[in-house]
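**Q** How does the following fold in three dimensions:
(chains A and B)
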There are 2 protein chains.
Amino acid sequence: MKVALVGIGLIGGSIGLAARQRLNARVAGFDPVPAAREAALKAGAVQEAFGTVEEALDGAEFVFVAAPVAALPGAVQGALAAAGPDCVVTDVGSTKRPVVAAIEDPRFVGGHPLAGAESSGVEFARADLFVDSTWYLTPTAVTRGTVYERLHRLITRMGAWPSATDPDTHDAVMASVSHLPHVLANVLVAQAARVLSGEGERLPPTGPSFRDLTRVAGANTALWRDIYLANGDALVRAIDDAMQRLGAFRALLANGDGDGIASWNDAAREDRRRLLESDLAGGEVHELRVQVPNRPGIVAEIALALGRASIDIVDMALYPTSGGSHGAIALWIRQKDFGQAEALVGELGLEAARA
Amino acid sequence: MKVALVGIGLIGGSIGLAARQRLNARVAGFDPVPAAREAALKAGAVQEAFGTVEEALDGAEFVFVAAPVAALPGAVQGALAAAGPDCVVTDVGSTKRPVVAAIEDPRFVGGHPLAGAESSGVEFARADLFVDSTWYLTPTAVTRGTVYERLHRLITRMGAWPSATDPDTHDAVMASVSHLPHVLANVLVAQAARVLSGEGERLPPTGPSFRDLTRVAGANTALWRDIYLANGDALVRAIDDAMQRLGAFRALLANGDGDGIASWNDAAREDRRRLLESDLAGGEVHELRVQVPNRPGIVAEIALALGRASIDIVDMALYPTSGGSHGAIALWIRQKDFGQAEALVGELGLEAARA
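**A** This next block holds a predicted model:
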């Protein structure tokens, strides 16, 4: 098996190492910068490094495009142009709507592994970077079922948990749980710096909350400028929502509404409890066998239905019947999710049963 | 020496334990709730527990009022009414303007130890709760110099670092570095809960930033409702400032202004670096001897001047000349701060020299 990387930094390099060490794959990489190719070879992330995409992708079965988010649509188009007809092409960008909207190709699935962020460069790459981490995939109606299945299996073998989601939801969730926190951290330090500017500009030791909330303030500018811009629409919506909530609390406070403040704080505690409640309790994994019509988009439909319910597909396999109108998909689902998964697949009008 | 506590919870109880164990003081406490008195005796925070303030304060040299912030002005008035003419009365409220504005008594100094917060109750009290933590004091022009000096020494002997500040600055700083972070944490979880409400309401594993920023969300409602309300004015101003900054970033984002976003992020990184830069590098401590006129407020003036410059007074002593018009104050200042302290005292028109 040959895996190709378009861009060999922390994420691309870690995919290369994981593919080599965990999957025994042959890995080739493209990087326009000679020094980056040297570093990738030295780190062992690739066996071959090339200065053109065509050379790197020659004969590849999987292509991971790990370019800066702003450059992704063009880089994915370039990879698809160089990739063979059975090649799987994916990207690792932290924002999914722009790239997914720009690409209509059955060989493409958008992706976003939730790993790494602050340190960059292939020298920090690790084969286990993705182990036990979520790896979002954004299949669409045009995505070929076998493409999604092959990518899902590959990612699973790298130790990650693939999770299907639609690009808009992905970007809204990222805006809320990752990008907005960074924005608020920046706002907080700026606000505190102004207040403390007459006080020697040193932070009083005030307990952990300020340090906790501002740990990510001023993160890597080049990286985060692009992340903010690429997810601009969703982030603007998240900011508007946050400002509305901030304004509502301000009104409670200005009115001295103790009961209102208490309710507001209780609701936040309840939100936090629900959001952070451990969902690690797993249980056994069972196979759910689903009979499916041989039509495009069916794999994406199932993966999305389960992804929306936060149900992990621990593993999956496609059993198409050559030339026939029907096939089967095997989904391995945890005990705790099994009943719900069966019901959700049933709601799609498909026959499913425990195998 | 007798120390009296008005209210024996986590903070009051820890003061009692510190006074007994570190200062060998006799400690009496008032609490209106019989069970709280029992618990305080059992925890060893007090040797005697009373159901009236008068009994607890009889013969006390120091009184620490540890009542809920909303009840502080009344509780401090009550303590002053029961306290002797040479007694030092202070409080431990997290907001200082309301209580300091309500009290004009030479025996009173507002206080706020930066320790403890989330767990409450005397059973969590510890004699070392204040060791190496900042303890804000808010002397005013009416505060008797010897009162401030005695309290400063007592707090130092408990292991804390007294730091003089004016109540408005104290409250604005607390609003920025403690209360606003809690508000933003609550806003963040509420925002994320809305976005994720269609997604099974479970948080995707998205790296540490969301958990870091929401760790304090929904903190103890009764405690934080009172803290928010007591610091309402300063917190409203901090919220307005934060909303303005959020709006400014929103505009950069909506305009796709990459350079503006990069500058904004760089500024946040610089703010954070400056705020969190270690100021622990200490050095030797030297005595600065200051000649002072015997007039009210002079100790407060000096303490405030140094406090504004974030200069720790490691220890201090007052040498009044009985009946004379002048006296002396000895201030122990760290090497790194010494020159600045000397200059600041000089700016007050006072003679000062290294002793």
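**Q** For residue A:167, list the residues it contacts.
**A** Going by CB atoms under 8 Å, 6 or more residues apart in numbering or on different chains, residue A:167 touches A:96, A:97, A:100, A:101, A:110, A:138. Bear in mind the C-beta positions are built from the backbone N, C-alpha and C, glycine included.
**Q** Buried ones among those residues?
**A** A:96, A:97, A:100, A:110, A:138 (16 or more other CB atoms under 10 Å in any protein chain shown).
**Q** Just the ones of the residues you listed in strands?
**A** A:110, A:138 (DSSP state E).
**Q** can you tell me which of the buried ones among the contacts of residue A:167 lies nearest to residue A:4?
**A** Checking the buried ones among the contacts of residue A:167 against residue A:4 with CB to CB, the nearest one is residue A:110 at 17.3 Å.
**Q** Tell me the confidence at the spatially closest residue to the closest one that is not a sequence neighbour?
**A** With sequence-adjacent residues excluded and distances taken as CB to CB, 6 or more residues apart in numbering or on different chains, residue A:110 is closest to residue A:138, at 3.8 Å. With respect to pLDDT, residue A:138 scores 94.
**Q** go on, residue A:205?
**A** Residue A:205 is assigned 59 on the pLDDT scale.
**Q** what's the burial count for residue A:54?
**A** 12 (other CB atoms under 10 Å in any protein chain shown).
**Q** Just confirm it is within a strand.
**A** No - going by DSSP: H, G, I helix; E, B strand; the rest coil, the assignment for residue A:54 is helix, not a strand.
**Q** Could you pull up the contacting residues of it?
**A** Contacts of residue A:54 by CB under 8 Å, 6+ apart are residue A:82.
**Q** Also the one 10 residues further on?
**A** Taking CB under 8 Å, 6+ apart as the criterion, residue A:64 is in contact with A:3, A:4, A:5, A:6, A:12, A:15, A:90, A:91, A:92, A:111.
**Q** Which of the helices or strands spans the nearest residue in space to residue A:25 that is not next to it in sequence?
**A** Spatially, and ignoring its direct neighbours in sequence, residue A:25 is nearest to residue A:19 (4.0 Å; CB to CB, 6+ apart). Secondary structure assigned from DSSP states H and E places residue A:19 in helix A:10-23.
**Q** re earlier: of the contacts of residue A:167, which is the nearest to residue A:43?
**A** Nearest to residue A:43 among these, counting by CB to CB, is residue A:110 at 26.3 Å.
**Q** before we move on, the earlier item: for residue A:275, state which of the contacts of residue A:167 is nearest.
**A** Nearest to residue A:275 out of those is residue A:96 (CB to CB; 21.2 Å).
**Q** Checking the residue of the stretch 251-355 of chain A at minimum distance from chain B next. Helix, strand or coil?
**A** The shortest separation between the stretch 251-355 of chain A and chain B is 2.5 Å, found at residue A:269 (distances taken as CB to the nearest CB). Under three-state DSSP, residue A:269 falls in the helix class.
**Q** Could you check what's spatially nearest to it, not counting adjacent residues?
**A** Nearest non-adjacent residue to residue A:269 (CB to CB, 6+ apart): residue B:218, at 2.5 Å.
**Q** just residue A:224 next, same as before
**A** residue B:265 (5.9 Å).
**Q** pretty sure that neighbour contacts residue A:221?
**A** Yes - applying CB atoms under 8 Å as the test, residue B:265 and residue A:221 come out as touching, 4.7 Å apart.
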